[in-house]
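Q: Predicted model and sequence below, questions to follow.
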Amino acid sequence: MIDIIVIGGGPAGLSAAISARQRNRNVAVITNDMAHSALHKAREIGNYPGLPKISGPELLGKLTSHAAEAGADLVIGRVYTVLPSAGLFNVGYGNEILVSKTVVIATGLAQTSVFPGEEKFLGNSVSYCATCDGMFFRGKRVCVVCLTPEASNEAEYLASIGCDVVRVDRQDIRINGEQRLTSVTAGGEEIPCDGVFILRQAVAPHLLVANLVTEDGFITVGASGETNIPGIFAAGDCVGTPHQIAKAVGQGQVAALAADVFLGVRD
């Protein structure tokens, strides 16, 4: 059983993990490959206190090493769902599930826009995880919307288990249907299909957790990073502006300390 799962391996998430370990909480950080992060792409950072002109990869490396040396488990994967259940949280990533007592969402500026029709069929004919739901579409035609470098592998997996795969490498799509999903429109072309797999780098917060309150694409939080769902906290760019590393690090610490207090009350 994990005390705190942190979703996101950027400044906010790694700061949260470090603070959680300082409170002797076991913590797992689930993150995409660091090379895909916005911080990793920054050539130089001029306003992080005490570390002028440090590069993005160097700062991210220092934060990651600090979290790992503190005892945080670093897991590479794309989280596609957080499901509250009996006071715990089932966090799905790849084809795995981890269970925790609390969650800190620190996804950064995750994809917040959705395709027309996506939410209507989510959990029915629309999925974010090929390895999880692919077997339900064996012998059927599926569209795979490839928005990540790893998407090709998942498309190949679906084909290997007997799905008729149509790959879509566009972002101007619409998912069609009334009672059931019937097709996808991409670039003006209508493609009949039975299901759609949308493979993004990250899932929008309000799709990641059902009933999570957001405003203008940002997670609504209190002063300690608490969301409207008890046990779920958020920090960093996903909660709003300013999008600054120093702010994200501070919010990550605050969210972890709040999660520790929450766990103490439960214990």
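A: Perfect, thanks for sending it.
Q: all contacts plus neighbour counts: C-alpha atoms, from now on.
A: Will do.
Q: quick one: Val166 and Ser152 touch, right?
A: No. Val166 is beyond contact range of Ser152, at 11.3 Å (criterion: Cα atoms under 8 Å).
Q: buried ones in the helix or strand of the chain with the lowest mean pLDDT?
A: Counting by mean pLDDT, DSSP states H and E, the chain has its least confident helix or strand at helix 130-133, which shows a mean of 81. Within helix 130-133, the residues that qualify as buried by neighbour count (16 or more other Cα atoms under 10 Å) are 130, 133.
Q: Next: stretch 124-141.
A: 125-130, 133-134, 137-138, 141.
Q: How far does that stretch stretch from one end to the other?
A: End-to-end distance of stretch 124-141 (Cα to Cα, to the nearest Å): 15 Å.
Q: which regions of this protein sit below the pLDDT cut-off?
A: Applying pLDDT under 70 to the chain flags residues 110-112, 267.
Q: which residues of it fall in helices?
A: For the chain, applying DSSP state H gives helices covering 11-22, 56-70, 118-121, 130-133, 151-160, 205-208, 245-266.
Q: Export the fifth one to PDB, keeping only CA atoms.
A: The C-alpha coordinates for helix 151-160 follow below in PDB (Å, rounded to 0.1, in the frame of the first residue of the first chain):
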ATOM      1  CA  ALA A 151       1.500   5.400 -29.900                       C
ATOM      2  CA  SER A 152       2.900   3.300 -32.800                       C
ATOM      3  CA  ASN A 153       3.700   0.500 -30.400                       C
ATOM      4  CA  GLU A 154       0.200   0.500 -29.000                       C
ATOM      5  CA  ALA A 155      -1.300   0.500 -32.500                       C
ATOM      6  CA  GLU A 156       0.900  -2.500 -33.400                       C
ATOM      7  CA  TYR A 157      -0.300  -4.300 -30.200                       C
ATOM      8  CA  LEU A 158      -4.000  -3.800 -31.200                       C
ATOM      9  CA  ALA A 159      -3.300  -5.200 -34.600                       C
ATOM     10  CA  SER A 160      -1.500  -8.200 -33.100                       C
END
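Q: now for it, which elements pack on it?
A: For helix 151-160, the contact count by 3 or more Cα pairs under 8 Å, 6 or more residues apart in numbering; DSSP states H and E identifies helix 130-133, strand 141-146, strand 164-168 as packing neighbours.
Q: so the last one versus strand 141-146, what angle?
A: So that's strand 164-168. Interaxial angle of strand 164-168 relative to strand 141-146 (axes from the mean of the first three to the mean of the last three Cα atoms, to 10 degrees): 30 degrees.
Q: now for strand 164-168, which elements pack on it?
A: strand 141-146, helix 151-160.
Q: and those, which is most packed in?
A: Here the criterion is mean neighbour count by mean count of other Cα atoms under 10 Å, and of the helices and strands packed on strand 164-168 the winner is strand 141-146, at a mean of 23.
Q: Let me know the angle separating that strand from helix 151-160.
A: Here strand 141-146 points in a direction 170 degrees away from that of helix 151-160 (the same axes, to 10 degrees).
Q: residues contacting the closest residue to Val184 other than its chain neighbours?
A: Distances taken as Cα to Cα, 6 or more residues apart in numbering place Ile175 nearest to Val184, at 4.6 Å, with adjacent residues excluded. Ile175 is in contact with 115-118, 181, 183-185, counting by Cα atoms under 8 Å, 6 or more residues apart in numbering.
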